[in-house]
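Engineer: pasting the sequence and the predicted model now:
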There are 2 protein chains.
Amino acid sequence: MDGLDEDRAIADLRALAQFGKVGTGVNRPALTDADVAAREWLRDRMAEAGLAATIDGIGNVYGRAPSAHIALLAGSHSDSVPNGGWLDGALGVVFALEIARARRAAHPNAAVGVDAISFSDEEGTFLACSGSRSFCGALTPSDLHGARNAARESLTGRLDSLGWSTRPLARLEPERHRAFLEAHIEQGPRLIESGHHVGAVTGIVGLRRRQVRFEGQADHAGTTPMAMRRDASMAMHAFALSAAKELRAAGSPDSVWNLGVVLVRPGAANVVSDEAEIVVEFRDLSTAVIDRMDEALRALIDRTDGAGGVRTTSSIIGRIEPTHMDERLVAIVETAAAQENARSERMQSGAGHDAMIVGRQIPAAMLFVPSLGGRSHHVSEDTDEADIRRGLRVYARAAQSILEALAPNGRGAL
Amino acid sequence: MDGLDEDRAIADLRALAQFGKVGTGVNRPALTDADVAAREWLRDRMAEAGLAATIDGIGNVYGRAPSAHIALLAGSHSDSVPNGGWLDGALGVVFALEIARARRAAHPNAAVGVDAISFSDEEGTFLACSGSRSFCGALTPSDLHGARNAARESLTGRLDSLGWSTRPLARLEPERHRAFLEAHIEQGPRLIESGHHVGAVTGIVGLRRRQVRFEGQADHAGTTPMAMRRDASMAMHAFALSAAKELRAAGSPDSVWNLGVVLVRPGAANVVSDEAEIVVEFRDLSTAVIDRMDEALRALIDRTDGAGGVRTTSSIIGRIEPTHMDERLVAIVETAAAQENARSERMQSGAGHDAMIVGRQIPAAMLFVPSLGGRSHHVSEDTDEADIRRGLRVYARAAQSILEALAPNGRGAL
């Protein structure tokens, strides 16, 4: 892409990492002072680049290419988890800023431009992806009014106190925004372990969470013969092992699952447990596969309910549908990687991203760069600078291909 | 036993149940106002019966037969767990009061008498069995000074505020106290399920607690492929099932075990668990069997340590040695039951009792009465009145046999 300046982008990434800096990471949860300062800095960088830059009524930093009637929307999020990494979504925000800046400088009057955006609160300090949801018209008033942070402060109260709540909300314009491109660190070990430079994301997995409850009877663990017990904890252990086996059989090779919430009550060494609870989370890119895994779980619960005198019940407590990336855009990312001599790999994203929200409205694609050690959401999160630079070149080349496809004389609308 | 008055004993049991009454149960944790009032009432009943009655420096209510040089020590405890049952140890205290009263009235000048006692804090509000430990010289100064209740109040501070801490401590006198007899509710379902009226306790099981810790790695549960995980929680589930199998194989038919403490961290649906912890408690009347069960656990831990990338370590966090009851006294209880046409069963006690402490010093025996539904440590705890009366008759007849054996012209010293 004409005018792309890798060094400038790296310098901006490092400048952005000063906001909320904690050791090698950042502490920049959505709408904290550090996040607000970072957003104001970003708005100023977008304005310097000649974009019409604003912070909207929910905290999205949005820079529009003023001459454009058609735009590639580029971006990610600049908020972090508490004590998170310096790259995460910030990488995709600075990549977007850099290509918007390069495009604007090289083609100040082009009808096809790059709009850059940093969505608010992707990490869910108040409500996950509330910025991109708002932008896409997928945030209900009840979502908005119910959103609170861990200190029970409301999102609307925080926006009021920042003086932002009366500002207009930036909105997706389907006639204008023909495609969305988001760069992000992988947040997993796949690229770094396999030696690939770039992940061409084919989709963002859906997930379902089924909470399983076991109800037995509390008894004295010294005086109650083994055969007379109704031990909720032991029923839960047996279920956990069987569930893993069932999910493996019902899932696809890329399916993942986790049983990370485990509670046993009353939790005393000398009392047989009367209650246990486990949450089974499972993810796949295919809703049919997720349905199949859930069906296997429900059949397992039906088969084992009542065994050992333990009643087993369950309910769905979380559900996100998969989002598929646009196949033409995925191919553009792959081609761009090949042209930059970057080894790329098609992969699904196991984590949620703003592209999950935007990709339900317009064609979207994501590009991953490798995470050292697969680490993320931690101050030790990092990526080799060579991989960041290579990722930016692939991203910019993909953006250039998309802009060319969007041009009136391009290969065709996306 | 001459002068035994069942109705009087039942009336005393019901009177004692008024102290700290909560619905059908009592809330009388050691040294609370309700427990203190109950102890003062008990001391007065003992004094009325002609015993030399005192409350000692740790809260034991102790009534000595004044004419006796040799005594059967009879008793239990009158404190309760928070919101516990009306019988529990109170049953054994009133049985002891009744036989001491009957003996004193029938043989006021006998050289062989009954000393009655209600030990303090069997339930461990401050320190489990601190009354019987003190009585047996098995309470170290550091035990005493370290004992605190859940509100962090010290035992010594509470005794000070009651004005009891300067009183002398009652002490076991091996030349005087030739045997100990304790009645108690079973606290389990065995007698009620099998239709027996009386349990002749052969011993109080020992227990050991091994804490097992699993150390894996916290990872994003969406982005980390299944094969790359080091999931502490799943290692723990597999261990729990294998441990139950190993304990069953290594234990005796009467062994019991429990895995009632289960912790998984960080405890999030979308994070692979990096830490898990489980406490394995196991009990048997034989130290050799307990050793064998523990050996099986340690071998299991050695075999599985490192599997799935999860480090497994363990340590012993609790240990109580078994206490065997005196075989001659157990036979006396059985014979007494037969003479009262009560169906009796030899059984071990899976729960701890003051007889566990006293039985290490002098010959001891326990008699259990059936618990309705096997319930205890709960306000719903109860025993059929017919079973209480029958239990008292068996208890008194056994005491009479012991007194006769202890008499200078008896069948022989115990």
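Structural biologist: Okay, I see it.

Engineer: next helix or strand past the lowest-mean-pLDDT helix or strand in chain A?
Structural biologist: The element with the least model confidence among the helices and strands of chain A, by mean pLDDT, DSSP states H and E, is helix A:141-146, at a mean of 92. Tracing the chain past helix A:141-146, the next element assigned as helix or strand by DSSP states H and E is helix A:155-162.

Engineer: that next one - contacts with which helices or strands?
Structural biologist: Using 3 or more Cβ pairs under 8 Å, 6 or more residues apart in numbering or on different chains; DSSP states H and E as the contact definition, the elements that helix A:155-162 packs against are helix A:141-146. To be clear about C-beta, it is placed using only N, CA and C from the backbone, and glycine gets the same treatment.

Engineer: show me what the helix it packs on is packed up against.
Structural biologist: Contact partners of helix A:141-146 among helices and strands, from 3+ Cβ pairs under 8 Å, 6+ apart: helix A:130-135, helix A:155-162.

Engineer: quick one: residues in contact with the last one.
Structural biologist: Contact partners of helix A:155-162, identified using Cβ atoms under 8 Å, 6 or more residues apart in numbering or on different chains, comprise A:31, A:36, A:57-59, A:121, A:126-127, A:130, A:144-145, A:147-149, A:165.

Engineer: among the residues you listed, name the buried ones.
Structural biologist: With neighbours counted by 16 or more other Cβ atoms under 10 Å in any protein chain shown, the contacts of helix A:155-162 contain buried members at A:31, A:36, A:57-59, A:121, A:126-127, A:130, A:144, A:147-149.

Engineer: just the element for residue A:207, please.
Structural biologist: With elements taken from DSSP H and E, the one containing residue A:207 is strand A:206-215.

Engineer: now the helix or strand just after that strand: mean pLDDT?
Structural biologist: Scanning the chain past strand A:206-215 towards its C-terminal end, the next helix or strand to appear is helix A:232-250 (assignment: DSSP H and E). Helix A:232-250 carries an average pLDDT of 98.

Engineer: now do helix A:232-250: distance to the chain's middle.
Structural biologist: Centroid displacement of helix A:232-250 relative to its chain, using Cα atoms, centre = their mean, to the nearest Å, is 28 Å.

Engineer: what angle do strand A:206-215 and it make with each other?
Structural biologist: In this structure, helix A:232-250 runs at an angle of 150 degrees to strand A:206-215, with axes from the mean of the first three to the mean of the last three Cα atoms, to 10 degrees as the basis.

Engineer: can you name every helix or strand that helix A:232-250 contacts?
Structural biologist: In this structure, helix A:232-250 makes packing contacts with strand A:206-215, strand A:256-265, strand A:275-284, helix A:287-304, helix B:232-250, strand B:256-265, judged by 3+ Cβ pairs under 8 Å, 6+ apart.

Engineer: residue contacts, residue A:217?
Structural biologist: A:229-230, A:272, A:274, A:309.

Engineer: go with 6 Å
Structural biologist: For residue A:217, the contacting residues are A:230, A:274, by Cβ atoms under 6 Å, 6 or more residues apart in numbering or on different chains.

Engineer: what does the one 3 residues further on give?
Structural biologist: Residue A:220 is in contact with residue B:187, counting by Cβ under 6 Å, 6+ apart.

Engineer: now the helices: where do they sit in chain A?
Structural biologist: Taking DSSP state H as the test, the helices found in chain A are A:6-16, A:33-48, A:88-106, A:130-135, A:141-146, A:155-162, A:190-194, A:232-250, A:287-304, A:327-339, A:354-358, A:385-406.

Engineer: give me the neighbour count for the closest residue in space to residue A:19 that isn't next to it in sequence.
Structural biologist: Counting by Cβ to Cβ, 6 or more residues apart in numbering or on different chains, residue A:19 lies nearest to residue A:38, which is 3.7 Å off, once chain neighbours are set aside. Applying other Cβ atoms under 10 Å in any protein chain shown, we find 26 other residues in the vicinity of residue A:38.

Engineer: thanks again, I'm all set now.
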